Structures are given as structure tokens and as C-alpha cells.
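S.K.: Pasted the sequence and its predicted model underneath.
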Amino acid sequence: MQQAIAIDVGYRYTKPLIPSITPSKQLLIPSVVAPFHELSLSDLANESLGHSVHIKQLNGTEKKYFVGDLALREGRGATFTLDRQKHRHSNHDILIFTAARLLKAQPGSTLVVGLPVAYYRSQRKELTEHLMSQHAEVGLNDGSPSRISFGEVIVYPQGAGALHTAPDLPTNGLVLLVDVGYKTTDFIVAEIINGKVKPVSKLCDSIETGVHDVHEAVSAEYQNRTGSPVSGVNVSMIIDNGGKTSYYGKELDMSKELKAIKEDVATSIIDQVKNKIGDRAAFIQKAYLAGGGAEALPTLTKIFPTTKVLANSQWANALGYLEVVRQLKTV
């Protein structure tokens, strides 16, 4: 049986996973790439700072990059993408190769990835063919290169993957899974009949509201308070610090504003999801939250009285993708 790996390439983080490991922050990669430049050996020795990646394509083209935290800390011209067709952005393949190398993927591995529900039908074939065509020798942090290629690619809807990890599903009835990501929020309404889960297509969709909206609002508040713009990297630091930072030696406390912003974004997500589901919302027995936004936006638990945040919510899709492979291989 081919080795199976799951790589959830998010707009903010890339989450790689294989069945033999549990979700680990060590494999949580910021989806940021920067051109390589020389650093001291001591800097490169600390893998917690991220990764320098050497990719040699079959046509002989060789390039080196900083990926993840190293791109954020040391990169010049670090980039990330919010494109709807993010797999067409050059960073996507670099993140896939980096994640696969970190997992020590074997040549010809089975790769499972996801797409937002709204883009799934239109982008699934293109993404599958694109990933099947990827072959390269990949080295990390000046280590020995390894061949990365995929013998099979499975593309699965985001949210639907996370639903495979939901506990205590009812034997019959409707359930809702809301997967809150950085740029998009996917929601899946599924009907369960005698224990079998069947998504209701007309009640599954994506909305372009997510944690990114919190970052945008905090950035605007910072500029309003200081008169200066702030980089996306520093916005993340401010949010991670509870809305507090310093500005030229003076404390800048935006904690109250951050709390209000999070509540506003969460309420917007709740309203949009309920509006799209319509009167079927009254018949939903259980609701689940997944994705990094599930914990970042606690107000989301108010979407339904029976709402639960999935364990390892940020990893729920990747875990679900591996479950999809397991089921397919045992049929």
C-alpha cells in the first residue's frame, strides 16, 4: 500500500500530517515564502525558526527559498497569497514540496489535499492534474535531497474532511460543520441516515469571511491610532499578544478593540451561514466548529445551542483527509 500523506495548504498555515504522528505545532508551517539568502550556520541550525528549502526540478532548474517562520523572520520580500486559485501561485508548490519533505514522503505517495467548497467543482480536476505533475529533488536546511512525487492525488472539500473527525454524530438527522479558515469559511450540512453521512449539496458552500477580516480590522485600528501602516507579520504579533504592543516606546493597548472586532467577525459569519441555510437551520441536531478560527473566534459557539469545537480543530481537515484515504483503501 502506498504511503498516504495529508497536506492542508491554508492561506495562513500549511498543516502536513501522516497517520503515524499526532498533530504537532512543529509541523505547523506559516504559508509564507521568501527568496533565499545566506545566513550564519547558527541561524540555520535552529529548525524552530523555519526552513531553508532547496528544490531541483526534473528540467534541471534549481532554486532555494526560506519557508515558514524563517521567511517571516529573515526573508526579504516574503510573500503569501489570498488568491482564490491559490494553487496557481508559485508559493503553493513550494509549500507542498516543503511539507512532503518534512513528512519524509516516499516517491509515489498518495497525497490528499482540500479545496474550499465553493471552488471544489471548478478547481478539483486542475489541482489534481497539477499535483500529479509535480516531481522534484527537495532538500531541507542543507540536508540531503529526497525525491518527491505523488502516485495518486485525492482532492476533497474542506469542511467535509473535518466532518470525518466529528464525535457523537446522531444516527439520523441533520448536522452542521463550520470550518473557519484565514480567508474563507466553509460550511457543510449533512444528512445522516442510519449512520451514513450524506452532504446536502445545496446547503454546502463557502463565504469569504474569516480570520483575515480580524487582521484587516486590527491593521486599520493600528493605523487610526498611530497614523502609520503596519505589516501583516506585525498584525499577527499584536493579535497573538491580545491586542497589546508598543509604538516608539509607548504602550499601545487595543485589547478592547480586538475583542469587539472578533465578536463582529464571528457574528458576521454566523449571520451569513444561517442566511444560506435558511429555514433548514431549525432542524439541525448538532453543530461542529473546525479550523484555526474556531478557537480564535469564541463567539462562534453561539451559532447553535449544541455547538462543539472539534478537538485539534486546526488539524481537523488534515485528520479527516487521512480518514478518507483509509476508507477508500479498505473498500
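M.R.: That came in fine, so what should we check first?
S.K.: Go through stretch 119-130 and flag the buried ones.
M.R.: 119, 120, 123, 127, 128, 130 (16 or more other Cβ atoms under 10 Å). All C-beta spots, glycine's among them, are computed from the backbone N, C-alpha and C.
S.K.: Which neighbouring elements make contact with the helix or strand where the first one lies?
M.R.: Assigning secondary structure by DSSP states H and E places residue 119 in helix 117-132. Under the contact criterion of 3 or more Cβ pairs under 8 Å, 6 or more residues apart in numbering; DSSP states H and E, helix 117-132 touches strand 109-115, strand 146-157, strand 185-193, strand 205-207.
S.K.: Next, the buried residues of the host helix or strand of residue 235.
M.R.: Using DSSP H and E, residue 235 falls within helix 232-240. Neighbour counts over helix 232-240 (16+ other Cβ under 10 Å) mark 232, 235, 236, 238, 239 as buried.
S.K.: again with stretch 285-295
M.R.: In stretch 285-295, counting by 16+ other Cβ under 10 Å, buried: 286, 287, 288, 289, 290, 291, 292, 293, 294.
S.K.: got it, and stretch 87-104?
M.R.: Using 16+ other Cβ under 10 Å as the test for burial, stretch 87-104 gives 87, 89, 91-103.
S.K.: Show me the domain layout of this structure.
M.R.: Domain ranges of the chain: 4-157, 160-210+267-311, 211-260, per automatic domain parsing.
S.K.: circling back: take the helix holding residue 119, keep the C-alpha atoms, and write them as CSV.
M.R.: What follows is helix 117-132, C-alpha atoms only, in CSV (Å, rounded to 0.1, in the frame of the first residue of the first chain):
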residue,chain,number,x,y,z
VAL,A,117,-16.4,24.1,-1.0
ALA,A,118,-17.3,27.0,-3.4
TYR,A,119,-14.2,26.3,-5.5
TYR,A,120,-14.3,22.5,-5.4
ARG,A,121,-16.2,21.7,-8.5
SER,A,122,-14.4,24.2,-10.7
GLN,A,123,-10.8,23.6,-9.5
ARG,A,124,-10.7,19.9,-8.5
LYS,A,125,-9.6,18.5,-11.8
GLU,A,126,-7.0,21.2,-12.5
LEU,A,127,-5.5,20.9,-9.0
THR,A,128,-5.4,17.1,-9.2
GLU,A,129,-3.6,17.1,-12.6
HIS,A,130,-1.2,19.9,-11.4
LEU,A,131,-0.1,18.0,-8.3
MET,A,132,0.3,14.7,-10.2
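S.K.: any idea which helix or strand comes after that helix?
M.R.: strand 135-140.
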